[in-house]
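**Student:** how does the following fold in three dimensions:
(one chain, ligands or ions: 2)
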Amino acid sequence: MIEKIKKDLLINISKDRYLHTLRVVDTCKKLAINHNMDLEKTTISALLHDSAKFIKKERVVDLAKEFGLLDKSKKPYNTELLHGPLAVKIAISKYDVVDKDILNAIKYHTTGRRNMSLLEKIIFMGDYIEPHRNFEGIQIIRNLAFEDLDKSLLLALDTNIKFLIESKKTISIDSIDARNYLIEENLKKRR
Ligand SMILES: [Fe+2]
Ligand SMILES: [Fe+2]
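**Tutor:** Ligands and ions are numbered 1, 2, ... in the order given. Just a heads-up that it's a prediction; the model follows:
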């Protein structure tokens, strides 16, 4: 299955996106070893996470309509938020993935969500810290991902949310939920 996915990716997504995907697989595997996660599940999730980032944006919209992910009357579409849920449909229909944890890790890799599983956190963070990512504060988050996954996730969400506010972009409710949940859980632990 892994080789088949790689072959398909080379056709469907850009070379740059493909190379990014391989770096994410590599980073996620390191995180998985560090945090005791199944390596095969990690590899499949990481390989498929950006499988719907087609070179042509129209294809994302067309396919999302086909799978019933879009309200046909609504426009314009935020293709950035569509590629996770669409990749889930591809995983199910093309590769017969049934594992809920893998599907959720793919679906929420850009936004995060409340009460994320270990696999979901690993895919989110692997995508966030892969070696070509370069912005202020990345090294702190990168190191933290191996020491304290929840702390690194919170810092990544904070950084993302701040960036979205500064660039006057919309913020997914799932990202806010993910952040609130981590803070609430942390407070409970301290009580
Ligand atoms: Fe993505
Ligand atoms: Fe990605």
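**Student:** how far off centre is stretch 59-78?
**Tutor:** Stretch 59-78 sits 20 Å away from the centroid of its parent chain (CA atoms, centre = their mean, to the nearest Å).
**Student:** can you pull the buried residues of it?
**Tutor:** Neighbour counts using 16 or more other CB atoms under 10 Å place 60-61, 63-64, 69-70, 77 of stretch 59-78 among the buried residues. Any C-beta I mention is one placed from the backbone N, CA and C, and that applies to glycine too.
**Student:** got it, and stretch 153-169?
**Tutor:** 153-157, 159-161.
**Student:** quick one on the thing from earlier: so of the buried residues of stretch 59-78, which ones are in helices?
**Tutor:** 60-61, 63-64 (DSSP state H).
**Student:** Asn186 and Asp150: what is the separation?
**Tutor:** 7 Å (CB to CB, to the nearest Å).
**Student:** neighbour-wise, which of the two wins?
**Tutor:** Asp150 (15 against 12; other CB atoms under 10 Å).
**Student:** contacting residues around the closest residue to Tyr128 other than its chain neighbours?
**Tutor:** Sequence neighbours aside, Ala156 is the residue nearest to Tyr128 in space, at 5.0 Å (criterion: CB to CB, 6 or more residues apart in numbering). Going by CB atoms under 8 Å, 6 or more residues apart in numbering, Ala156 touches 124-125, 128-129, 141.
**Student:** who's sitting farthest from the centroid in this protein?
**Tutor:** Arg191 (31.5 Å; CA atoms, centre = their mean).
**Student:** tabulate the buried residues of stretch 153-169 in JSON lines, adding columns for pLDDT and secondary structure.
**Tutor:** Below are the buried residues of stretch 153-169 laid out as JSON lines (pLDDT from 0 to 100; DSSP: H, G, I helix; E, B strand; the rest coil):
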{"residue": "Leu153", "pLDDT": "98", "secondary structure": "helix"}
{"residue": "Leu154", "pLDDT": "97", "secondary structure": "helix"}
{"residue": "Leu155", "pLDDT": "97", "secondary structure": "helix"}
{"residue": "Ala156", "pLDDT": "97", "secondary structure": "helix"}
{"residue": "Leu157", "pLDDT": "97", "secondary structure": "helix"}
{"residue": "Thr159", "pLDDT": "96", "secondary structure": "helix"}
{"residue": "Asn160", "pLDDT": "94", "secondary structure": "helix"}
{"residue": "Ile161", "pLDDT": "96", "secondary structure": "helix"}
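**Student:** what's the most distant pair in the residues you listed?
**Tutor:** Leu153 and Ile161 (12.4 Å; CB to CB).
**Student:** related to what we said a few turns ago, show me which pair in the ones in helices among the buried residues of stretch 59-78 is furthest apart.
**Tutor:** Farthest pair in these, by CB to CB: Val61 and Leu63, 7.5 Å.
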